[in-house]
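# Sequence and predicted structure, then a few things I'm wondering about:
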Amino acid sequence: MKKIVIIAILVVCILIGVGITYSMYISEANTNTSIALASFVFDADRKENINIPISNINPGDDLEYAFSVSNNSQNKRSDVTIKYNIIIKTMHFIPLDIELYDGEDNLVLTCDETSQRNSLNEIECQTYDITMSYIENIKDDYYLKVTFPEEYNTIEYSSLVDYINLEINSRQKIDEEDI
């Protein structure tokens with residue numbers, strides 16, 4: 001019986017000693033340095049998702065929608081390098097020609113029936129990754145050109161409804177090797 005009491009007392013002492021040692025270790029963690037977190041400022045017309053209204057487009061019409069993507073907003077600039085891409089989604093019921101151009105009128109992307117469909121059966125077209133350095137203010141201009149070809153001016157296309165959704169997928173660039 002005396003051995004059991006001694007073992008119980010030793011176990012309690014060990015548990016108390018471990019708890020005190022652990023709490024002392026935790027409570028001694030002090031830092032006197034100021035911690036600065038990198039901020040992520042990303043401005044795509046202050047939206048990440050843009051719905052393009054095309055309900056009133058008729059055969060022979062062209063629609064252009066201009067937008068820009070930048071690494072700054074008002075007085076703030078991103079402290080990290082950003083990678084982004086632009087995703088175009090449409091059901092493509094109407095035979096539209098959808099083209100994305102950059103600010104210098106270079107064709108970046110064509111989105112048509114030959115493109116892949118996603119799980120929602122939307123045609124989904126995606127640009128390559130575009131990198132924006134944090135070193136200077138950058139603004140990338142784009143415009144989306146939507147054309148409804150004149151040859152589709154027939155009754156079967158008159159009641160179809162479609163949509164175009166632009167999505168800007170941005171994230172912090174982790175590997176700095178290829179900046």
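Right, received. Where do you want to start?
# can we go C-alpha only for contacts and neighbour counts from here?
Fine.
# Tell me how many other residues crowd Ile94.
Ile94 is flanked by 19 other residues according to other C-alpha atoms under 10 Å.
# which ones are touching it?
Under the criterion of C-alpha atoms under 8 Å, 6 or more residues apart in numbering, the neighbours of Ile94 are Phe148, Tyr157, Leu160, Val161, Asp162.
# Please apply the same query to Asp61.
Asp61 makes contacts with Thr147, Phe148, Pro149, Glu150, as judged by C-alpha under 8 Å, 6+ apart.
# hang on, the last one packs against Pro59?
Yes: between Glu150 and Pro59 there is a contact under C-alpha atoms under 8 Å: 4.6 Å.
# Looking at these two, which one has more neighbours?
Per other C-alpha under 10 Å, whichever of Glu150 and Pro59 has more neighbours is Pro59, with 18 against 11.
# Does that one touch Pro149 like I think?
Yes: between Pro59 and Pro149 there is a contact under C-alpha under 8 Å: 5.5 Å.
# what's the nearest residue to Tyr143 if we skip its chain neighbours?
Closest residue to Tyr143 apart from its sequence neighbours, by C-alpha to C-alpha, 6 or more residues apart in numbering: Ala66 at 4.1 Å.
# Please determine how far the one you found is located from Tyr152.
25 Å (C-alpha to C-alpha, to the nearest Å).
# need the contact list for the residue lying closest to Ile164 once chain neighbours are set aside.
Spatial nearest neighbour of Ile164, chain neighbours left out: Thr90 (4.8 Å); criterion: C-alpha to C-alpha, 6+ apart. By C-alpha under 8 Å, 6+ apart, Thr90 lies in contact with Glu122, Ile123, Glu124, Asp162, Tyr163, Ile164, Asn165.
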